[in-house]
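S.K.: Provided below for reference: sequence and predicted model.
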Amino acid sequence: MSDEIELSEATDDTSKLPNEDEMLITISKPNEIVAPHQIWTGNTFAFLYCSDYPLITIGPHWPMYICLSTFLAVAVGLSFHFLTSKYFLCGLFELLLAALQLLSYTATALINPGMPRPKPVARSRLEAIKGDGMLYCKTCNVEREAGRNVAHCSDCDVCVEGFDHHCPWTGKCIGRRNVVPFYVFLVTTAILIYYIMFSSIFCLYSFNAPT
């Protein structure tokens, strides 16, 4: 009998129940746009924030960057020592080229590739696009605006504007903000490879040439 009275009192006491507006706010809170300082960084490590936006991010495959940069430094060091023993200017040019290569490679590995900022969106539009994976990313909580080529990388677990590809050798994605140093790295690497190859052949021939 006492249980029925308690149940009846709990049912009749509607003053503690939220009204429709409060219920709407409670339900819609998880769907609100994330504030800029809550930008989703996924599997990356973010540093050096400016206006709540990370300028430096390190990708999940950062050990690959350490391995490749170490290999390049050792290879260039040996070649430089070999060249400067007889052709100092040739070795100096190679050293400058290698410095540009390593600088562009490091910039590619550190610069934020282009994680989009969460922007305010009208609730009506948010409700319309959040079910469409092509227009809205639920993980990053951002709208994929048309013409910006925003794609979600499964390795970094972030959306990237101007997404080109995920490069494990740089440890992260290549996007709008780091694609230029990436291309500089590719060009300098190609030039350096051919330069070291031909200069080594020339030096070997000159060393073995009869005097």
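M.R.: That came through, no problem. Residues are numbered from 1 along each chain as shown.

S.K.: for this structure, what spans make up the strands?
M.R.: 45-50, 53-58, 136-137, 142-143, 151-153, 158-160, 165-167, 172-174 (DSSP state E).

S.K.: Would you mind putting the CA coordinates of stretch 185-198 into CSV?
M.R.: Provided in CSV are the C-alpha atoms of stretch 185-198 (Å, rounded to 0.1, in the frame of the first residue of the first chain):
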residue,chain,number,x,y,z
PHE,A,185,60.8,18.0,-50.3
LEU,A,186,60.1,15.7,-53.3
VAL,A,187,61.8,18.0,-55.7
THR,A,188,64.9,18.5,-53.6
THR,A,189,65.1,14.7,-52.8
ALA,A,190,65.0,13.9,-56.6
ILE,A,191,67.7,16.5,-57.4
LEU,A,192,69.8,15.3,-54.4
ILE,A,193,69.6,11.7,-55.4
TYR,A,194,70.8,12.4,-59.0
TYR,A,195,73.4,14.9,-57.8
ILE,A,196,74.9,12.4,-55.4
MET,A,197,74.8,9.6,-57.9
PHE,A,198,76.6,11.5,-60.7
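
S.K.: coming back round to it: would you tell me which of the strands of the chain gets closest to Ala107?
M.R.: Between Ala107 and the strands of the chain, the tightest spacing by CB to CB is seen for strand 53-58, at 10.2 Å. Glycine gets a C-beta too; all of them are placed from N, C-alpha and C.

S.K.: what comes up buried for that closest one?
M.R.: For strand 53-58, the neighbour count (16 or more other CB atoms under 10 Å) marks Pro54, Thr57 as buried.

S.K.: which helices and strands does that strand pack with?
M.R.: Helices and strands touching strand 53-58, as assessed by 3 or more CB pairs under 8 Å, 6 or more residues apart in numbering; DSSP states H and E, comprise strand 45-50, helix 88-110.

S.K.: Give me the angle between the first one and helix 88-110.
M.R.: Yep, that's strand 45-50 we're talking about. Angle, strand 45-50 to helix 88-110, by axes from the mean of the first three to the mean of the last three CA atoms, to 10 degrees: 90 degrees.

S.K.: Paired strands for strand 45-50, with orientation please.
M.R.: Partners of strand 45-50 in the sheet, by DSSP bridges, are strand 53-58 (antiparallel).

S.K.: Mean pLDDT, mean neighbour count and distance to Ile39 added to the helices and strands packed on strand 53-58, as JSON lines?
M.R.: Listed next are those as JSON lines, based on pLDDT from 0 to 100; neighbours: other CB atoms under 10 Å; distance: least, CB to CB, whole Å:
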{"stretch": "strand 45-50", "mean pLDDT": "89", "mean neighbour count": "13", "distance to Ile39": "8"}
{"stretch": "helix 88-110", "mean pLDDT": "89", "mean neighbour count": "17", "distance to Ile39": "17"}
